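Enquirer: Prediction below, plus the sequence it came from.
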Amino acid sequence: MKYNLAKDKFIQTWGTLGSSWGISRTMAQVHALLLISPEALSAEEIMADLKISRGNANMTIRDLMGWGLVFKELRAGDRKEYFIAEKDIWKVAKQIIKERRKREIEPVLAVLEELKKIEGAKDDKKNKAFVEAVTNIESVVEKADFALDRAIKLDENALVNALFKLFK
């Protein structure tokens, strides 16, 4: 397979995978392009390579920077901004976990805690069943949050060893 075909296939596949992270396909495609690029790229280079608009490129790059996956690189004597992705895939995975926790799990836990405070929970059968269901869901989400927190804190070898133990 020639480089350009492999590159396009990787970018398309990473774009599809991005939907699983909770990000747009374009955001994942820009990330993929920067991930495999040997040097930082300008917004214009990203736009040309992926055939996206300036607005889409700029918004997507800012979002990736917000996720901590892409960084700005300044070059002396050049007014253009260049962008480079974190290349260590373990750091990328941990950063995605951190962001998903912050954007998904933490808000859900806050809502579940609030929902348990329903009035009349002790007196009404429906309220009691509601609180019990919410408490059970909260327990599962808290366990998932704990597991993700541990995964973030582990180094690569410890994480791989922990995963192997799960599958024995």
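Expert: Done, it's in.
Enquirer: From what I see, residue 85 and residue 35 are in contact.
Expert: Yes: using CB atoms under 8 Å, residue 85 is in contact with residue 35, at 4.5 Å. Any C-beta I mention is one placed from the backbone N, CA and C, and that applies to glycine too.
Enquirer: Now for the two: what residues contact both?
Expert: The contact sets of residue 85 and residue 35 overlap at residue 92 (CB atoms under 8 Å, 6 or more residues apart in numbering).
Enquirer: Domain boundaries for this structure, per the record?
Expert: Following the assignment in automatic domain parsing, the chain carries domains at 3-85, 89-166.
Enquirer: for this protein, what spans make up the strands?
Expert: 41-42, 70-73, 82-85 (DSSP state E).
Enquirer: Mind checking those strands for the one nearest to residue 132?
Expert: The minimum distance between residue 132 and the strands of the chain falls on strand 70-73, with 43.9 Å, by CB to CB.
Enquirer: Run through the residues that contact the residue positioned nearest the centre of the chain.
Expert: With distances taken as CA atoms, centre = their mean, the residue of the chain nearest its centroid is residue 96 (3.2 Å). By CB under 8 Å, 6+ apart, residue 96 lies in contact with 21, 67, 69.
Enquirer: most neighbours, which of these?
Expert: With neighbours taken as other CB atoms under 10 Å, the top of the contacts of residue 96 is residue 69, carrying 23 neighbours.
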